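A.B. asks: Build me a model:
(one chain, ligands or ions: 1)
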Amino acid sequence: MALAYNKSHVRSIRGELEDLGTGFDFESVRNVILDLGDLKNNGIYEEFFDIYKRWEDPIGVLTSAYNRLPFTSPLLQQAMSNNLTPEKSNIFSGSVDYFSFHQFYRFLERIYSMNLGRGLQEEDVKAIFSSNILERIILGLENFDRVNSTENFDDSFFHNIKEVKWTDKHTERFFDKLHDLLISKSFNDIGTREIIFKRELKRIVKFLAVCSTVNKKRIHITTIDVINAYKTIFKIIKTDITHLVNKREYKGLLICSKCNGYYNLEDDEIPDDFTHCRCGGTLTYVQSLEEAAYYGNFKENKINRKILIAGTLASLTAAITLINLY
Ligand SMILES: [Zn+2]
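C.D. replies: Below is the predicted model of the structure:
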């Protein structure tokens, strides 16, 4: 299908972009603005920001479980062993440090929550921290979902990011202004939450721009790296990352309080893969049979996978077929 440009629309964007300075690719910036427009038109951006606004930490920051989280992430361990430690980092600085990685995981928690359509539990957070999603993003940027292996992610990355700097003041100003422009297009009203979101998003985008620079074996961030970073962040927001989390973190079981059946999840399954039991009962995820005992008597009542109803449409058809055979 041939698409005809709406000339007046292009002209109006061109007017806005004149403020960004010179020396950038007009078409690429226009595409970034269109990507944001798509996210808004599909309601994804609003849904994501809504989750962001109403966010409650699944794991309290003062708990030992929270303190153990960095130890579940090979990437954070690798960052720390390369001298990028929390002690040497500043959450409010604009440079890439330990918190850039940590904050990115927190960003992915919100994406995952949006994908699952529910608040997160401890396992969900661990499934993100212990996955290789962030390595994929660093290596593949916009094509992170097509990265096959993260094995060649080595220590050189941590040395290289320390060297990266802006090409010049114009490039840095381009980033500032483009960010202002995209945020102004994101929200009708800018309140406190929007301002905090704007600041956190900017830090993440800067981190991605640095990754883009390092991937191209350069040390100077260009406007192309900034544009790549926005393309990546918008791609992440619209991607269902469920298949990229570390599902082995779900070591518990699903229980049905109606028939007292229980089901141990397989390595490649998450609780949300199933909606309810064949008996019509709702399923609850618990960490152990001991915890399940709190809900009823679950001993000696293990249920077969095929009497659970799968959540996705494709698996649902398979499940119905299985049930008919059962
Ligand atoms: Zn049941």
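A.B. asks: From the centroid of the chain, which residue is nearest?
C.D. replies: The centre of the chain sits closest to Leu108, judged by C-alpha atoms, centre = their mean, with a distance of 2.7 Å.
A.B. asks: any idea which element the residue nearest to it when sequence neighbours are not counted lies in?
C.D. replies: The shortest distance from Leu108 to any residue that is not its chain neighbour, by C-beta to C-beta, 6 or more residues apart in numbering, is 5.2 Å, and that residue is Ile128. All C-beta spots, glycine's among them, are computed from the backbone N, C-alpha and C. Secondary structure assigned from DSSP states H and E places Ile128 in helix 122-129.
A.B. asks: circling back: and the gap between the residue nearest to Leu108 and the ion?
C.D. replies: Taking C-beta to the ion, to the nearest Å as the measure, Ile128 falls 30 Å from the ion.
A.B. asks: and if you look at Phe24?
C.D. replies: Distance of Phe24 to the ion, given as C-beta to the ion: 59 Å.
A.B. asks: What's the local residue count around the residue nearest to Pro70 when sequence neighbours are not counted?
C.D. replies: Take Pro70 and drop its neighbours on the chain: the residue closest to it by C-beta to C-beta, 6+ apart is Leu76, 4.5 Å away. Other residues within reach of Leu76, judged by other C-beta atoms under 10 Å, total 21.
A.B. asks: circling back: could you give me the buried positions within the helix holding Ile128?
C.D. replies: Going by neighbour count (16 or more other C-beta atoms under 10 Å), the buried part of helix 122-129 is 123-129.
A.B. asks: can the residues you listed go into TSV with extra columns for pLDDT?
C.D. replies: Written out in TSV, the entries for these read as follows (pLDDT from 0 to 100):
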residue	pLDDT
Glu123	94
Asp124	96
Val125	97
Lys126	97
Ala127	97
Ile128	98
Phe129	97
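A.B. asks: Redo the residues you listed as TSV? Include distance to Leu20.
C.D. replies: TSV is the format used below for the buried residues of helix 122-129 (distance: C-beta to C-beta, whole Å):
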residue	distance to Leu20
Glu123	43
Asp124	39
Val125	37
Lys126	41
Ala127	39
Ile128	34
Phe129	36
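A.B. asks: Surely the residue nearest to Pro70 is within a helix?
C.D. replies: Yes. Following the definition DSSP: H, G, I helix; E, B strand; the rest coil, Leu76 is counted among the residues of a helix.
A.B. asks: Was I right to think it contacts Gln103?
C.D. replies: No. Judged on C-beta atoms under 8 Å, Leu76 makes no contact with Gln103 at a distance of 11.4 Å.
A.B. asks: Now do the same contact list for Thr213.
C.D. replies: Contact criterion C-beta atoms under 8 Å, 6 or more residues apart in numbering gives 164, 219-222, 225 as the residues in contact with Thr213.
A.B. asks: ok, and the most crowded of these?
C.D. replies: Among the contacts of Thr213, the one with the most neighbours (other C-beta under 10 Å) is Asp225, at 26 neighbours.
A.B. asks: what secondary structure does the closest residue to that residue other than its chain neighbours sit in?
C.D. replies: Excluding its sequence neighbours, the residue lying closest to Asp225 (C-beta to C-beta, 6+ apart) is Ser212, at 3.9 Å. Of the three states, Ser212 takes helix under three-state DSSP.
A.B. asks: count of neighbours near Ser212?
C.D. replies: Using other C-beta under 10 Å, Ser212 has 24 other residues around it.
A.B. asks: and what of Phe174?
C.D. replies: Number of residues near Phe174 (other C-beta under 10 Å) recorded here: 25.
A.B. asks: That one touches Ile221, doesn't it?
C.D. replies: No. Distance between Phe174 and Ile221: 10.0 Å, which falls outside the contact criterion (C-beta under 8 Å).
A.B. asks: ok, back up a step: could you report the distance from the residue nearest to Leu108 to Ser156?
C.D. replies: Remark: distance between Ile128 and Ser156 (C-beta to C-beta, to the nearest Å) = 25 Å.
A.B. asks: Now do the contacts for the residue nearest to Asp225.
C.D. replies: With contact taken as C-beta under 8 Å, 6+ apart, Ser212 is in contact with 141, 221, 224-225, 228-229, 232.
A.B. asks: got any ranges where the protein has weak pLDDT?
C.D. replies: When residues are selected by pLDDT under 70, those of the chain lie in 1-11, 298-301, 306, 312-326.
A.B. asks: Which residue ranges make up each domain of the protein?
C.D. replies: The chain resolves into domains spanning 8-244, 250-325 when parsed by automatic domain parsing.
A.B. asks: and the closest residue to Glu47 other than its chain neighbours, what does it touch?
C.D. replies: Ranked by C-beta to C-beta, 6+ apart and with sequence neighbours excluded, the top spatial neighbour of Glu47 is Met114, at 6.0 Å. By C-beta under 8 Å, 6+ apart, Met114 lies in contact with 47-48, 51.
A.B. asks: Please indicate which of these are buried?
C.D. replies: 48, 51.
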